[in-house]
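Visitor: A structural model of the following input is requested.
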Amino acid sequence: VAFVVCRSLEGLKTFSYLEELILDNNLLGNDLLLPRLPHLHTLTLNKNQISFQRNTCKILLDHLAEVVPSLQYLSLLGNTACPNELVCKEKDEDDYQRYRYFVLHKLTNLKFLDTRKVTRREREEALIRGAFMKVVKPK
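Guide: Residues are numbered from 1 along each chain as shown. As a prediction, this is how the structure comes out:
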């Protein structure tokens, strides 16, 4: 387990056998670049600056799918990308569920997203409609 407080993750490339990484409460955004960590199964990015602006979260999720192929546990709580009615009064459970479908569409091996286990029904819905479930805010 590694606990890191940082803005750059370049040094992680020397930890290729890392299995868990907690990056909570940093200033990490959608431009987050991790080195290839083939054994990483748990990643928490709570309370950072990850959002769904201008399709960049899709790019981040594609990047994670590529560099952390063993990822099973991901948490994005406290980021604007994770719509949560406790953090933002304009969001509701439907917004959160659409977010889950979108993330599960991109990261198909996840067993847990945020604090909830991924269900078979969610996985099936993510395969069918996940690409269209990106939560966007109208201008």
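
Visitor: do you know how far Glu66 is from Leu60?
Guide: Remark: distance between Glu66 and Leu60 (C-beta to C-beta, to the nearest Å) = 11 Å. Every residue, glycine included, has its C-beta placed from N, CA and C.

Visitor: tell me the pLDDT at the nearest residue to Lys111 once chain neighbours are set aside?
Guide: Nearest residue to Lys111 in three dimensions, chain neighbours excluded: Gln72, at 4.5 Å (C-beta to C-beta, 6 or more residues apart in numbering). According to the prediction, Gln72 has pLDDT 98.

Visitor: follow-up on the earlier one: higher neighbour count, Glu66 and Leu60?
Guide: Using other C-beta atoms under 10 Å as the criterion, Glu66 and Leu60 rank with Leu60 on top: 24 against 10.

Visitor: that one: what's it in contact with?
Guide: 30-32, 50 (C-beta atoms under 8 Å, 6 or more residues apart in numbering).

Visitor: same check, this time on Glu122
Guide: Counting by C-beta under 8 Å, 6+ apart, Glu122 has contacts 100-101, 104.

Visitor: so which of those are in helices?
Guide: The helices, defined by DSSP state H, take in 100-101, 104 from these.

Visitor: nearest to Thr42 among the contacts of Glu122?
Guide: Among these, Leu104 lies closest to Thr42 (C-beta to C-beta), at 16.5 Å.

Visitor: relative to Gly11, how far out is the residue nearest to Lys111?
Guide: 24 Å.

Visitor: more neighbours, those two?
Guide: More crowded of Gln72 and Gly11, by other C-beta under 10 Å: Gln72, with 16 against 11.

Visitor: right, and the more buried one touches His41 too?
Guide: Yes - in this structure, Gln72 is within contact of His41 by C-beta atoms under 8 Å, at 4.7 Å.

Visitor: between those two, what contacts are shared?
Guide: Common neighbours of Gln72 and His41 (C-beta under 8 Å, 6+ apart) do not exist.
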